[in-house]
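Novice: This is a predicted model, with the sequence first.
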Amino acid sequence: MSRIAYVNGRYLPHADAVVHVEDRGFQFADGVYEVCEIWNGQIVDMTRHLDRLARSLNELSMDWPVERRALTMILRETIRRNRVKDGLVYLQITRGQARRDFSFPKGKVPPTLVVTARSSDPKAALKVGEEGISVITTPDIRWERVDIKTVSLLPQVLAKEKAVRAGAKEAWMFDKDGFVTEGASSNAWIVSQDGTLITRPAEKGILRGITRAAIMDYAAANGITVEERPFTIEEAKAAREAFITSATMTASPVVKIDDSVIGNGAPGSIVSDMRARFHEAVEKLALSVY
Ligand code: PDD
């Protein structure tokens with residue numbers, strides 16, 4: 001089945017789904033995005049994702065391309081047209097198409113809106129749950145506004161490539177004081193010996209992950225303590241468990257950081273439980289198309 005993408009008001013086969021050469025997303029990475037999980041025919045935590053999108057747009061003085069309700073319908077329709085039951089929906093908004101000039105375009109330039117959806121590989125997810133993943137560590141070389149979910153992702157592209165070349169799945173970035181900030185495309189967590197979940201506060205230095213928030217809800221509902229504080233790579237290597245969270249990986253166990261094995265090298269029980277029961281804690285919007 002050919003994949004369909006939404007581009008500025010039209011649903012198009014991927015081969016025809018293009019934006020202009022002078023789109024500001026292409027030339028300046030002047031755009032924002034969101035990725036939502038689709039689970040069992042439902043969109044996960046869409047309200048929170050769209051709230052974060054509203055914040056990203058506002059921080060960059062960008063307009064909504066369409067109203068929020070219309071965007072919801074476009075997301076659902078793109079998922080439906082691609083027949084995705086488990087996977088992800090991606091949306092990107094840029095400041096639109098204009099003659100190349102660093103400052104914002106003068107006059108009314110409509111933002112560009114692109115939406116794609118794709119199915120995930122259930123076998124790959126099963127493997128991650130059973131075996132866990134390895135991460136490497138690398139300096140965080142990003143700008144200060146990583147709280148905004150922009151498409152300006154080159155540092156993360158380089159970090160992820162370094163991870164892949166080392167045979168790992170994710171890169172944990174660390175700040176100049178040696179504290180872990182987050183993964184290239186996920187939030188970073190450790191579990192202390194007494195079973196407390198530890199993750200960096202979202203005020204500065206990381207993206208406030210939607211999956212991170214869902215894990216906090218899960219923890220609160222299950223009597224698990226969460227401590228929001230920075231942790232070093234050394235502390236992470238000595239932790240009882242470690243894991244990452246993101247819309248595409250839910251909660252995924254980390255079993256190795258650089259050359260250090262975490263715990264006994266198998267996914268820990270706390271993260272495994274969370275992964276199995278994760279969807280209890282989230283908002284699920286039925287697509288009602290299957
Ligand atoms: N990335 N931190 C960074 C830098 C991210 O790029 C992401 C998500 C997260 C986790 O956020 P959430 O739980 O809302 O997905 C944290 C998405 C999945 C991506 O770029 O594909």
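Specialist: Sure thing, it's come through. Predicted model only: the values in this text are computed from it and were never measured.

Novice: Quick check: the one residue in the stretch 51-200 of the chain that gets nearest to the ligand vs residue 176, distance?
Specialist: Checking the stretch 51-200 of the chain residue by residue against the ligand with C-beta to the nearest ligand atom singles out residue 185 as nearest, at 3.9 Å. Every C-beta, even on glycine, is put in place using the N, C-alpha and C of the backbone. The gap separating residue 185 from residue 176 is 22 Å, by C-beta to C-beta, to the nearest Å.

Novice: higher neighbour count, the two?
Specialist: Neighbour tally, residue 185 and residue 176, criterion other C-beta atoms under 10 Å: the higher count belongs to residue 185, 20 against 7.

Novice: Flag every residue of the stretch 151-290 of the chain that's near the ligand.
Specialist: With C-beta under 6 Å from any ligand atom as the criterion, the stretch 151-290 of the chain meets the ligand at residues 182, 185-187, 207, 209-212, 245-248.

Novice: Please report the distance of the closest residue in space to residue 3 that isn't next to it in sequence from residue 183.
Specialist: Spatially, and ignoring its direct neighbours in sequence, residue 3 is nearest to residue 14 (4.7 Å; C-beta to C-beta, 6 or more residues apart in numbering). In this structure, residue 14 and residue 183 are separated by 28 Å, where distance is defined by C-beta to C-beta.

Novice: which of those two has more neighbours?
Specialist: For the pair residue 14 and residue 183, the greater number of neighbours falls to residue 183 (28 against 12), based on other C-beta under 10 Å.

Novice: List the residues that contact that one.
Specialist: Neighbouring residues of residue 183 by C-beta atoms under 8 Å, 6 or more residues apart in numbering: 135, 170, 171, 172, 173, 244, 246.

Novice: mind listing what the third one touches?
Specialist: Pointing back at residue 171 there. Contacts of residue 171 (C-beta under 8 Å, 6+ apart): 135, 136, 137, 138, 156, 159, 160, 162, 163, 183, 184.
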